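> Next comes the sequence, and after it the predicted model I'd like to discuss.
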Amino acid sequence: MSTFAERLPENVWSAAQVRELERRAIERGVSDYELMCRAGEAALQMLLRRWPAARSLAIVCGAGNNAGDGLVVARLAHAAGLSVSVLLVVPAQRFTGAAAQAAAACGSAGVPLGTFDVRSLANADVIVDALLGTGLKRAVDGDFRAAVEAVNAAGVPVLALDVPSGLDADTGWPSPVAVRAAATLTFLGLKQGLFLGEAVDYLGELELADLEVPPSYSAGLAPALQRLTIDELRCALPRRPRTAHKGSCGKLLLVGGGPGMPGAIRLAAEAALRVGAGLVYVATHRDSVATVLAGRPEIICRSVSSGTELEELVSTVDGVVLGPGLGRSAWAYGLWRHLVRLPVPLVLDADGLNLLAAEPMTRDDWLLTPHPGEAARLLADAGIEHVQRDRRAGVRALADRYRATTVLKGPNTLIAAPGDESIRVCDRGNPGMATGGTGDVLAGTLGGLLVQLGDLRQAARVGVLLHALAGDEAAKGGERGMVAGDLLPHLRVWANPS
């Protein structure tokens, strides 16, 4: 996401809720055709801003109001002096309601309505996708599927109106094909399907046009998701008082780093330092001590051989991270079994989660950080595909089953907490973060914030966003070839947002 992400609102709605917003607007005196005209005007403004050199447009229209939005774009673009080809997949005679009004207005303005022709796509500077929008009720097939595939094969940038055609507005999954847009302008409200499933591979740059419908029209509707925003960082991480000292900035213990895996706990420990934890202790296998300490003397590192050796350390800290590089040996299991029963706020990551899946339990004051594979194991009766098909249900099930604040990692990471119906979504981050160790950096970030903020839920929200923002900063040098350690200097920057 670019800076446009900061222009997006916090609340994300289901497709049915957005239809309700539209109904309320019409009920208060705004006609559906007026809303359509506002949508078309906003779309043309975005198109000209994003592609200022564009001189010819191919506007691919299906049926219904999404086609009507495209027809408004065509009429306004024609009036602005652009060359416009309107390509209809459905004959204009089948348009009804506001879409029929839009077609009639095109006729009055001298904009010809042609049938779909693949050759017209290649001659355009920009394609406008007005095929299906949120009205998708079944699998895309026949002429619509052929049109979607032709748009994707044209090699021309695409502006999708409302939702890339073929993408389910609630699940974010293609049905089974969808337009791959360079940019998407969604209308009235953000749809949850834009943040779920495989939507990130189809949207391009996402913007919202609220069509001048006031936020008050959503009264009484509970958002399906809520986006994490930088304002949350600023509220949680103000400038420190001049009287701050290491003891007042939180003390964290990280446990892990079994034989052959010292790098994971080392990355997690440095991340905790970089987000501001005052004192960072590592309890690890004796074979890992030298590597953990190499080049980072600020880490207080001790070798441990059994869970009982951890009790004195745990009694002196404000929180624990358990799992990075832990492994599943007898040594690892002994530490895990002891620690999960101690009364200390706990972040459970990596093999800490795999051991939990093998020996399920519940407790208070803990935070789980599964990727989809770990989530599937924790849910026992679910495969990875099941988790990914409905990530909202997956993160909610984990939070409820384990009574834990849960971070379900992946593109558009989700956060849920027991007893809290709201689900948070992070729409930052990038594919460069798909590399070994990045999850360990997140675990350390969460732990470092936990001991400063004293609140698991707040630490989860702030930590996930901070980590993703650091990843986006690191990716400015290129996504391919990023390593987890590239995030560390940027963690420090984002941990000081004020």
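Arrived safely, thanks for sending.

> tell me the domain ranges of this protein?
3-225, 230-494 (automatic domain parsing).

> quick one, phi/psi of Cys301?
phi -110, psi 140 (degrees, to the nearest 10).

> how close does it get to Ala294?
10 Å (C-beta to C-beta, to the nearest Å). Where you see a C-beta, it was placed from the backbone N, CA and C, and this is true even at glycine.

> wait, is Ile59 part of a strand?
Yes - counting by DSSP: H, G, I helix; E, B strand; the rest coil, one finds Ile59 located in a strand.

> So for Cys301 and Ala294, which residue has more residues nearby?
Cys301 (23 against 11; other C-beta atoms under 10 Å).

> Is that one in contact with Thr284, as I believe?
Yes - here Cys301 reaches Thr284: they are 6.6 Å apart, a contact under C-beta atoms under 8 Å.

> okay, and the common contacts of those two?
By C-beta atoms under 8 Å, 6 or more residues apart in numbering, Cys301 and Thr284 have these common neighbours: Val292.

> if we can go back for a sec, with mean pLDDT added, can I get the domains of the chain in a markdown table?
Shown next, in a markdown table, are the domains of the chain (pLDDT from 0 to 100):
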| stretch | mean pLDDT |
| --- | --- |
| domain 3-225 | 96 |
| domain 230-494 | 97 |
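
> give me every residue that touches Asp364.
Neighbours of Asp364 in contact, by C-beta under 8 Å, 6+ apart: Arg403.

> ditto for the one 4 residues further on
With C-beta under 8 Å, 6+ apart as the criterion, the residues that contact Leu368 are Leu348, Leu353, Leu356, Leu378, Leu398, Tyr402, Ala404, Thr405, Thr406, Val407.

> do the same with Ala474
Contacts of Ala474 (C-beta under 8 Å, 6+ apart): Gly432, Met482, Asp486, Leu487, His490.

> which residue packs closest to the fourth one, ignoring adjacent ones?
Using C-beta to C-beta, 6 or more residues apart in numbering and skipping residues adjacent in sequence, the residue nearest Leu487 is Ala470, 4.4 Å away.

> host element of that neighbour?
helix 456-474 (DSSP states H and E).

> Using neighbour counts, pick out the buried residues of that helix.
The neighbour-count check on helix 456-474 (16 or more other C-beta atoms under 10 Å) flags 456-474 as buried.

> now do stretch 349-361
Applying 16+ other C-beta under 10 Å to stretch 349-361 flags Asp349, Ala350, Asp351, Gly352, Leu353, Asn354, Leu355, Leu356 as buried.

> What segments of the stretch 201-350 of the chain are strands?
Secondary structure of the stretch 201-350 of the chain by DSSP state E, counting those that start in this stretch: the strands cover 205-209, 225-227, 251-255, 279-284, 300-303, 319-322, 346-348.

> In CSV: those, plus distance to Gly97.
Below are the strands of the stretch 201-350 of the chain laid out as CSV (distance: least, C-beta to C-beta, whole Å):
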stretch, distance to Gly97
strand 205-209, 20
strand 225-227, 30
strand 251-255, 60
strand 279-284, 63
strand 300-303, 69
strand 319-322, 57
strand 346-348, 53
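
> Nearest to Gly373 among those would be which one?
strand 346-348 (15.3 Å; C-beta to C-beta).

> Can you list the strands that that closest one pairs with?
For strand 346-348, the paired strands and their directions (DSSP bridges) are strand 319-322 (parallel), strand 366-368 (parallel).

> Mind exporting the C-alpha coordinates of the helix or strand following that strand to PDB?
Once the chain leaves strand 346-348, the next helix or strand it forms, by DSSP H and E, is helix 351-358. Only the C-alpha atoms of helix 351-358 are listed here, as PDB (Å, rounded to 0.1, in the frame of the first residue of the first chain):
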ATOM      1  CA  ASP A 351       7.300 -24.200  17.700                       C
ATOM      2  CA  GLY A 352       5.600 -22.900  20.800                       C
ATOM      3  CA  LEU A 353       2.400 -23.000  18.700                       C
ATOM      4  CA  ASN A 354       3.200 -26.500  17.300                       C
ATOM      5  CA  LEU A 355       3.700 -27.800  20.900                       C
ATOM      6  CA  LEU A 356       0.300 -26.200  21.800                       C
ATOM      7  CA  ALA A 357      -1.400 -28.000  18.900                       C
ATOM      8  CA  ALA A 358      -0.100 -31.300  20.300                       C
END
